[in-house]
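1. need the 3D shape of this:
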Amino acid sequence: MRSGKDYKRPGPDQQITQLNQSTSPVHSTFCIVELKKSYKVGEKISAIITARDHNKNLKRYGDFFQSKAFQFKAKGVVYGELVDHRNGTYSVLLLPWAGQAQVFVRLEHSSEVVQILKKYRDSSFPRSHYNGHFEGPGTKNTRISEVVECNLKWGAERSLRKGKCCCEYKDIKTGTEWQCEGPKKLSCGKLIHHSLGIMPFLTEHAAQLLVQALVISRLDYCNALLAGLPSSTTERCRSGLTTPVPAGFYLKDVWKSFVCSAQQFNSTQMGNCLKNKIVYMLGDSTTRQWFEYLEKNVPDLKRMDLHTPRTGGPLMAVELKNNIIIHWRPHGVPLRFSKLLITNLHYISNDIDEIAGDSHAVVVFTFFAHRVFHPLAFYVHEVAKIRQSVVALLSRAPQTTVIIKSGNTAGRKAECPENIFQSDWYTMQLNTVMQEMFRDINGVIYLDVWQMTSCHYLRENIHPGPVIVANEVKTFLSYVCPA
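-> Model (predicted):
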């Protein structure tokens, strides 16, 4: 797969007006180079992808492919590194294991679709809408409620361009501005709840191009008998480690990491690892999956009734014997969640500012899935605020464990293929920004789960399956309690 930095690569050398000029997954080809009957331990398979349009003409600019290798009987999967030669061909390098391997390649986005993604990312066009729920007293002891459209206020143009505008809400510490159309009967101070709204429509041409280019194609399969098993690393899990490609592989549904020595914690060991810890999980529903996994698997860890939505939070679980406390809280708007109290939606940087920290404190956050709908410059602004808060936290409490969970693959829904706004291409760009902005911060752990979520045999989903979540959490705990 192309790296996150590839968004800087040149796109089509002409405006694509005909759909048949876009990359065709049917006419693109894939073949193994000098296929052998067997391979030695650690040896790589090399394959070539040749991209062509619907007229079978060679494409000369980069498309977004994804590759992996499977060993179905042993439930083995490994992520494929894809090298773009910038002439319409790509090399796939895969690190196999013992047994039979099948190589899988698909066209994720044509280069034309990537151009559409860039266009919407860089424009002021709102890619997601939200609802503000206003409530207040009416006449004769009645209650009035109104629902209006809300959105981020960012850049020279306002996000809202219709109706009575506007009620504006500015967070003093982050500087983020939120605005809602003015309710007809209630004042701006009566905003109580927030919820997701509708998704905007693409232009007809963009939608046609996207639907045609998004056809998933198994360009080819390769069967190869492979000898030996690559070993995982003995490197202690700590900050400052880089993520290679591949970062590891699944075997019998267990993640074998090449980054560091990830441990396979049982329930008792999880409890021992978290003894006397306060864990602050901040972000979106993928960290809530971690919370729910620990809730189910750490002995005697019980969720407290905070009288909040079960999936919307905030949530807290405690275990008294080992003095374990785990919090989960969603980040602030923009947020595509069901109806939540606006007062419960805090910006991650503000929450980190309220954490005292020390050796007992573990802070883990993720900040990707809900930001793909908004300009990259806004994301940089917010990450800069989080970075500032993390630096301050580590300055006052350097023994605090701080872990950034990367974004993961989202998958695509067959019933709505034209929805590009939660594209993996977007998430890869945000992953790159987050990594670069925290690269020089000593003590911060960047837990890259991208390959763990994209190479598994389960269908890709913004909410990874239980097997993947279990391996993510055990890798997370390997950093909290390194061997």
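2. give me the pLDDT for Leu19.
-> In the predicted model, Leu19 carries a pLDDT score of 71.
3. correction: the previous question concerned Val364.
-> At Val364, the model reports a pLDDT of 98.
4. isn't it up against Phe476?
-> Yes - applying CB atoms under 8 Å, one finds Val364 in contact with Phe476, separated by 6.8 Å. The way it works is simple: take the backbone N, C-alpha and C, and place the C-beta from them, glycine included.
5. between these two, which is the more surrounded one?
-> Taking Val364 and Phe476 together and counting by other CB atoms under 10 Å, Phe476 has the greater number of neighbours (26 against 22).
6. check what pLDDT that one gets.
-> What the model reports for Phe476 is a pLDDT of 97.
7. ok, the one 5 residues further on next?
-> You'll see Cys481 listed with a pLDDT of 95.
8. separation between it and Thr23?
-> Here Cys481 is placed at a distance of 46 Å from Thr23 (CB to CB, to the nearest Å).
9. measure stretch 440-459 end to end?
-> Using CA to CA, to the nearest Å, the end-to-end distance of stretch 440-459 comes to 35 Å.
10. picking up where we left off before, Cys481 and Thr23: who's more crowded?
-> Thr23 (28 against 17).
11. who does the more buried one form a beta bridge with?
-> Per DSSP bridges, the residues bridged to Thr23 are Asp53.
12. what residues are up against the residue nearest the centre of the chain?
-> Centrality entry for the chain: nearest residue to the mean C-alpha point is Gly407, 2.2 Å, by CA atoms, centre = their mean. Under the criterion of CB atoms under 8 Å, 6 or more residues apart in numbering, the neighbours of Gly407 are Thr366, Phe368, Ala369, Thr427, Met428, Leu430, Asn431, Trp450.
13. next structured bit after the longest helix along the chain?
-> For the chain, the helix that runs over the most residues, judged by DSSP state H, is helix 376-396. Moving toward the C-terminus from helix 376-396, the first helix or strand encountered (DSSP states H and E) is strand 401-405.
14. residues in contact with that next one?
-> 283, 286-287, 290, 361-366, 390, 393-394, 434, 438, 443-447, 449, 472, 476, 479-480.
15. tell me the mean pLDDT over the next helix or strand after it?
-> Along the chain past strand 401-405, the next helix or strand (assigned with DSSP H and E) turns out to be helix 424-438. Model confidence over helix 424-438, given as mean pLDDT, is 90.
16. show me which residues of helix 424-438 are buried.
-> Within helix 424-438, the residues that count as buried by 16 or more other CB atoms under 10 Å are Asp424, Trp425, Tyr426, Thr427, Met428, Gln429, Leu430, Asn431, Val433, Met434, Gln435, Phe438.
17. dump these to TSV, plus distance to Leu320.
-> TSV is the format used below for the buried residues of helix 424-438 (distance: CB to CB, whole Å):
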residue	distance to Leu320
Asp424	42
Trp425	46
Tyr426	43
Thr427	39
Met428	42
Gln429	44
Leu430	39
Asn431	38
Val433	41
Met434	36
Gln435	38
Phe438	35
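18. what is the burial count for Ser145?
-> When neighbours are counted by other CB under 10 Å, Ser145 registers 15.
19. please report how far Trp129 lies from Glu168.
-> If you look again at residue 129, you'll see it is His, not Trp. Counting by CB to CB, the gap from His129 to Glu168 is 17 Å.
20. for Thr176, same thing?
-> When CB to CB is applied, the distance between Thr176 and Glu168 equals 11 Å.
21. mind checking which of those two has more residues around it?
-> More crowded of Thr176 and Glu168, by other CB under 10 Å: Thr176, with 21 against 13.
22. list the buried residues in stretch 470-479.
-> Buried residues in stretch 470-479, defined by neighbour count with 16+ other CB under 10 Å: Ala470, Asn471, Glu472, Val473, Lys474, Thr475, Phe476, Leu477, Ser478, Tyr479.
23. can you give me the strands in the stretch 1-150 of the chain?
-> 29-32, 45-50, 64-71, 76-79, 81-84, 89-94, 99-109, 130-137, 143-153 (DSSP state E, counting those that start in this stretch).
24. highest average neighbour count across those strands?
-> Ranked by mean neighbour count under mean count of other CB atoms under 10 Å, these are led by strand 76-79, which reaches a mean of 25.
25. avg pLDDT for it?
-> Taken as a whole, strand 76-79 has a mean pLDDT of 80.
26. how about Arg336, what does it touch?
-> Taking CB under 8 Å, 6+ apart as the definition, contacts of Arg336 comprise Ser128, Tyr130, Leu196, His370, Phe373.
27. one more pass at 10 Å, please.
-> Contact partners of Arg336, counting by CB atoms under 10 Å, 6 or more residues apart in numbering, are 128-130, 195-197, 199, 284-285, 369-370, 373, 421-422.
28. same question for Leu191.
-> Leu191 sits next to 132-136, 146, 148, 150, 167, 169, 178, 180, 183, 342-343 when contact means CB under 10 Å, 6+ apart.
29. same check on Leu345?
-> Contacts for Leu345 (CB under 10 Å, 6+ apart) come out as 178, 193-194, 312-314, 329-335, 337.
30. please verify my assumption that Asp53 contacts Ser22.
-> Yes - using CB atoms under 10 Å, Asp53 and Ser22 qualify as a contacting pair, with a distance of 6.2 Å.
31. could you chop the chain up by domain?
-> Listed domain ranges for the chain are 4-119+215-226, 129-196, 248-480 (source: automatic domain parsing).
32. how about the ones you listed in JSON lines, adding distance to Thr233?
-> Rendered in JSON lines, the data for the domains of the chain read as follows (distance: least, CB to CB, whole Å):
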{"stretch": "domain 4-119+215-226", "distance to Thr233": "13"}
{"stretch": "domain 129-196", "distance to Thr233": "38"}
{"stretch": "domain 248-480", "distance to Thr233": "5"}
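33. and those domains, which one is worst for confidence?
-> Of all these, mean pLDDT reaches its minimum on domain 4-119+215-226 (a mean of 69).
34. ok so, going back, between the contacts of Leu191, which is nearest Asn266?
-> Sorting the contacts of Leu191 by distance to Asn266 puts Thr343 at the head of the list, at 39.2 Å, by CB to CB.
35. check contacts around the closest one.
-> Taking CB under 10 Å, 6+ apart as the definition of contact, the neighbours of Thr343 are Leu191, Ile192, His193, His194.
36. quick one, phi/psi of the first one?
-> Comment: the main-chain dihedrals of Leu191 come out as phi -70, psi 120, following degrees, to the nearest 10.
37. appreciated, that's everything.
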